[in-house]
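# how would this look folded up:
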Amino acid sequence: MLEDPCSTQLIDANGEFNVAGLENFIKTVKLADCGLSYAVVAIMGPQSSGKSTLLNHLFYTNFREMDAFRGRSQTTKGIWMAKAVGIEPCTIVMDLEGTDGRERGEDDTAFEKQSALFALAVSDIVLINMWCHDIGREQAANRPLLKTVFQVMMRLFSPRKTTLLFVIRDKTKTPLEYLEPVLREDIQKIWDTVSKPHANKETPLSDFFNVEVTALSSYEEKEEQFKEQVAQLRQRFFHSISPGGLAGDRQGVIPGSGFSFSAQQIWNVIKQNKDLDLPAHKVMVATVRCEEIANEKFRRLASDERWLELEKAVQDGPVLGFGKRLSAILETFLSEYDKEAIFFDEGVRNAKRRQLELKALQFVHPAYISMLGHLRSKTLESFKTRLEESLRRGEGFAASVRTCTHACMLEFNHGCADTAVKQADWDVSKVREKLRRDIEAQASAVCNAKLSEQIAKYEKQLTIALTEPVESLFEAGGKETWASIRKLLKRETDAAVSGFSSAIAGFELDQSTFDKLVQDLRDCARSLVKKKAREEAGKILIRMKDRFASVFNHDNDSLPRVWTGKEDIRTITKEASTASLKLLSVMVAIRLDEKPDKIADILSSSLLDGTVAAASSSSSKDRNIVPLRDPLASSTWEEIPPEDTLITPVQCKSLWRQFRAETEYTVTQALSAQEAYKRNNNWLPPAWAILAMIVLGFNEFMLLLRNPLYLLVLFVTYLLSRALWTQLDIPGEFRHGTLAGILSISSRFFPTVMNLLRRLAEEAQGRTTPQAQRPTQQPPLVHHQSFRNQTQQPNTGTNSIPVSSVSSNISSTESVTDYNEYSSPQQIRKRVANIE
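So this is what the prediction gives:
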């Protein structure tokens, strides 16, 4: 078939079109790259007229030539094709089988017409080789052939202007200018006698053909002269497709990439114009026998031990060298088929071989698919491992995915090359695409997991950074609470977004996805603050009562108040209520956007100043007067959207009513304590009683002045009274109530008097008893506990303790205890925040 890279047999002697040879030829000469810049030249003429010799000298081709020393016989069979050497543009040369050959016999005319018609249809230039001495003869000049070709061409194909170059061989002494008119006249006569369609009845020959005539000397007798004339003729084929060139107008020329398909279709049309004979008997025998051989080889293949072993191994896992092993098995049985069927008809033999090969490939294809499946699974696992290791080394996610994907696809391609079967041209693109989709799905899953980890990490960071500080700010509840929360939220959100952006930079996300993730993180931060605000709003009543108690029960130095009667409880109550109302105004709505509102003023005017109450009382007194509008008689705030409302105006009114009811007891207790303190510390008689005593006791006072003994007695009595006053600690006893003081003094009076007398007697004798100092070592806890229970157990061993020291110990202990109770860190922090 293919003799060398630049020539091939296009159509064999049996009229079979060599599709594979033509495709290979086109690839070799790169005809597809030429576009329209190529020309096709064909030659036809009588057998053994020197056509191949002329083409070899004219285009430097290597067509087979006749050996004159072995006799005159058929050399070219069918149609051969070659590329002209050294001629631009690319020129394709076709050498047709000669006419009037004795080898074909009866079938000569049919194939002669078909080949001539094919040459005229695909060629730009047709060389017609003819002997000089045959000009004017009917058969020798191919007049019947041209007549038939003209007629059939007009019927089958659209008109195409082709150049007919008549080459007169072995020119005699008759000048060319005498031979050319005769030849042209013969051609015109043939054209005139051809029956034409009605549309082309008057169409001249020049519309279909350019007729050119040239003459060459005898190659055998005048070889040098022949070569010179051929060299001159060769120059006419350079740039033959240019305007005015030898190739004509080239209307409807096919691009080089479509030449193969066009030639096949033209030959099919030509072949269909002739009834084909039934296959000969030998062809039928070859068909049956070759099919039997093919079936026998297939059965042997199915039971071959090597194949069964390979098939089992593939089911268990990937097999190294699968393609080579399977190709060797198939090649063994195909070679055996070739040996047994070599003597049968070539066409039938090759057809059955192709059927056997196709059937065998279909049989082993499932094993091939299984092998590809193992390769795909192995490559996918390799991708997972590579990606995990790459991420562990700290490489960027997107870069790691690209690197691992490239490496794994190369690994898969190498595996496919090792799996490829020589006899098959199976496409692995679907498996490769499936692997790529699996890798992308795996990468996407890992990407989502890693992104989820980063999102969870920074959401947790925001939760830690915002929850407690926001709760502390809500507890403080000052004027700048929401401003501080906004500042805190912006600072922590920006820090989290910055860290999150750096963490996901290696993912190389598209801008829209990146923006969405960042916005979700910001929304998460806002939702945390909103959630905490709603939690704190649910505890607002408790917070308000705590704030009221903190402000009401502590002075400006955060020390517990002692209600002595000098404090203005009304003012303190208003201050505490104002502080609680500020806390309520902070918690009624979420203010993450810097939008001013009048909620604090509305609450102050409506709840603290009593505008609503005043309006209600006014409306109850005079029904004819239109009452003032209650700004809290609504379920929404004017400046606050419903989704940001934590406590509605109506709820604020209800909460304040409940707050006032629950804090009223604290105020009442303070007033009671103040009244009790005043009563306990006012032990002197009234001023009028003292004045009455001075006026009415004037005589007794004068009597004492006149009698010094009375003064001495009075002085001693004063000393005893002063000692008893000090020992009994009468002011301290009455500090806790009149009744408690009387009971305590009455129980301690007689022991104290006896103790004083005993000490006086001992001092008069100049000695001191050990028991006089024993009570001083008694801890004051007994008397402290006795005071707490307001009961006194008589004890002679302890009656010598001074009452003033007991009272002092009691006061000191209570002061320390009260200060510790009211000075805890949390109370101090609340107090400081309130002062701020």
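
# which residues in the stretch 551-700 of the chain form helices?
Assigned by DSSP state H, counting those that start in this stretch, the stretch 551-700 of the chain shows helices spanning 569-587, 599-603, 611-621, 649-681, 687-696, 698-706.

# out of those, deepest packed?
Mean neighbour count (mean count of other CB atoms under 10 Å) peaks for helix 569-587 among the helices of the stretch 551-700 of the chain, with a mean of 19. (Glycine included, C-beta is placed from N, CA and C.)

# run the angle between that one and helix 649-681 for me.
150 degrees (axes from the mean of the first three to the mean of the last three CA atoms, to 10 degrees).

# which neighbouring elements make contact with helix 569-587?
helix 511-538, helix 540-553, helix 599-603, helix 649-681 (3 or more CB pairs under 8 Å, 6 or more residues apart in numbering; DSSP states H and E).

# between the last one and helix 540-553, how big is the angle?
For helix 649-681 against helix 540-553, the angle between stretch directions is 30 degrees (the same axes, to 10 degrees).

# just give the nearest non-adjacent residue to Ser604, would you?
With sequence-adjacent residues excluded and distances taken as CB to CB, 6 or more residues apart in numbering, Ser604 is closest to Leu581, at 6.3 Å.

# wait, doesn't the one you found sit right on Ser606?
No. Contact status for Leu581 versus Ser606: not in contact, 10.0 Å apart, counting by CB atoms under 8 Å.

# helix, strand, or coil at Leu164?
Secondary structure, DSSP: H, G, I helix; E, B strand; the rest coil: Leu164 is strand.

# dig out what it forms beta bridges with.
Val126, Val211 (DSSP bridges).

# nearest to Phe226, of the helices and strands packed on helix 569-587?
Nearest to Phe226, of all the helices and strands packed on helix 569-587, is helix 511-538, at 78.1 Å by CB to CB.

# to which secondary structure element is Phe150 assigned?
Assigned by DSSP states H and E, Phe150 falls within helix 143-156.

# quick check: mean pLDDT across that helix?
In this model, helix 143-156 has an average pLDDT of 62.

# now do the contacts for the residue nearest to Ser604.
If a contact means CB atoms under 8 Å, 6 or more residues apart in numbering, then Leu581 has 603-604, 607-608, 656 as its contacts.

# repeat the analysis, applying 7 Å as the threshold.
603-604, 607-608 (CB atoms under 7 Å, 6 or more residues apart in numbering).

# which of these tops the neighbour count?
Comparing the contacts of Leu581 by number of neighbours (other CB atoms under 10 Å), Leu607 comes first, having 24 neighbours.

# that residue contacts Trp656, correct?
Yes. Counting by CB atoms under 7 Å, Leu607 touches Trp656, with 4.7 Å between them.

# and stretch 165-173, what's its mean pLDDT?
Stretch 165-173 comes out at a mean pLDDT of 82.

# that should have said stretch 577-595, apologies.
pLDDT averaged over stretch 577-595 gives 86.

# distance between the ends of it?
End-to-end distance for stretch 577-595, by CA to CA, to the nearest Å: 26 Å.

# then stretch 559-567?
End-to-end distance of stretch 559-567 (CA to CA): 14 Å.

# mind checking how far it is from the chain centre?
68 Å (CA atoms, centre = their mean, to the nearest Å).

# excluding its backbone neighbours, what's nearest Ala505?
Counting by CB to CB, 6+ apart, the residue nearest Ala505 is Gly396, at 7.4 Å.

# against Glu508, how distant is that neighbour?
Counting by CB to CB, to the nearest Å, the gap from Gly396 to Glu508 is 7 Å.

# between these two, which one's more packed in?
Gly396 (16 against 13).

# that one against Gly506, yeah?
Yes. Gly396 is within contact range of Gly506, at 3.0 Å (criterion: CB under 7 Å).

# please spell out which residues along stretch 472-484 are buried.
Neighbour counts over stretch 472-484 (16 or more other CB atoms under 10 Å) mark 473-478, 481-482, 484 as buried.

# ok, now stretch 588-601?
Neighbour count says stretch 588-601 has 588-592, 599 buried, by 16+ other CB under 10 Å.

# ok but Ile87 is inside a helix, no?
No. Counting by three-state DSSP, Ile87 is not part of a helix but coil.

# quick check: it touching His239?
No. Judged on CB under 7 Å, Ile87 makes no contact with His239 at a distance of 9.0 Å.

# more neighbours, the two?
Ile87 (20 against 16).

# what mean pLDDT does stretch 550-567 have?
84.

# start to end distance for it?
First residue to last in stretch 550-567 (CA to CA) measures 16 Å.

# quick check: buried residues in that stretch?
Those would be 550-554, 558, 563, for stretch 550-567 by 16+ other CB under 10 Å.

# strands along the stretch 51-200 of the chain, start to end?
Assigned by DSSP state E, counting those that start in this stretch, the stretch 51-200 of the chain shows strands spanning 79-83, 90-96, 125-131, 162-169.

# can you give me the angle the second one makes with strand 125-131?
If I follow you right, that is strand 90-96. Using the same axes, to 10 degrees: strand 90-96 against strand 125-131 is 40 degrees.

# tell me what strand 90-96 is packed against?
The contact analysis (3 or more CB pairs under 7 Å, 6 or more residues apart in numbering; DSSP states H and E) places strand 90-96 against strand 38-44, helix 51-59, strand 79-83, helix 108-122.

# check the longest one too.
Counting contacts by 3+ CB pairs under 7 Å, 6+ apart, strand 162-169 is packed against strand 125-131, strand 209-215.

# between it and helix 51-59, how many degrees?
Using the same axes, to 10 degrees: strand 162-169 against helix 51-59 is 110 degrees.

# which parts of strand 162-169 are buried?
Of the residues in strand 162-169, 162-169 count as buried by neighbour count, 16+ other CB under 10 Å.
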